[in-house]
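A.B. asks: Sharing a model that was predicted from the sequence below.
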Amino acid sequence: MDYVRLAIPGFFVLIGIELAVARLVERDSYRLNDSVSDLSCGVLQQLGGVFLKTALFAGYASLYAGQRLIEIPIGAAWAWVVCFVGHDFLYYWFTASATR
């Protein structure tokens, strides 16, 4: 779950509260350029994630189209069991070799 994307409306609400409190106490502590800078960093982070996920998907699709060794039938129950056990084995193998 992407908590940053879910928190974006809260960021805008908090910016509004900060602006309102600054005006109520008649203190000029709110700076628009800081808020714009912070929001720009958040937008760039989210856009970077979109581009990264798009590139990964394109790479996986390219590998699947041209480099796959076998084709696993999706509807077969045995295929799901084999993939689950294989994934678990590879994870165990990776973590065991990483701790050496």
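C.D. replies: Looks like it came in fine.

A.B. asks: switch to C-alpha atoms for all contacts and neighbour counts from now on
C.D. replies: Noted.

A.B. asks: end to end, how far does stretch 23-35 reach?
C.D. replies: Start-to-end span of stretch 23-35 (CA to CA, to the nearest Å) is 16 Å.

A.B. asks: Run through who's touching that stretch.
C.D. replies: Residues from elsewhere that reach stretch 23-35 (CA atoms under 8 Å, 6 or more residues apart in numbering): 15, 18-19, 22.

A.B. asks: hmm, which of the residues you listed are the buried ones?
C.D. replies: Among those, those that count as buried by neighbour count (16 or more other CA atoms under 10 Å) are Leu19.

A.B. asks: Among the contacts of stretch 23-35, which one lies nearest to Gly66?
C.D. replies: Ile15 (49.5 Å; CA to CA).

A.B. asks: quick one: which of the contacts of stretch 23-35 sit in helices?
C.D. replies: Among these, the residues falling in helices (DSSP state H) are 15, 18-19, 22.

A.B. asks: starting at the chain centroid, how far to stretch 66-82?
C.D. replies: Averaging C-alpha positions (CA atoms, centre = their mean, to the nearest Å) puts stretch 66-82 27 Å from its chain's average.

A.B. asks: Use 44 as the first number from now on
C.D. replies: Okay, using 44 as the starting number, the last item reads as stretch 109-125.

A.B. asks: now what about that stretch, what contacts it?
C.D. replies: Residues outside stretch 109-125 that contact it (CA under 8 Å, 6+ apart): none.

A.B. asks: I appreciate the help and will end here.
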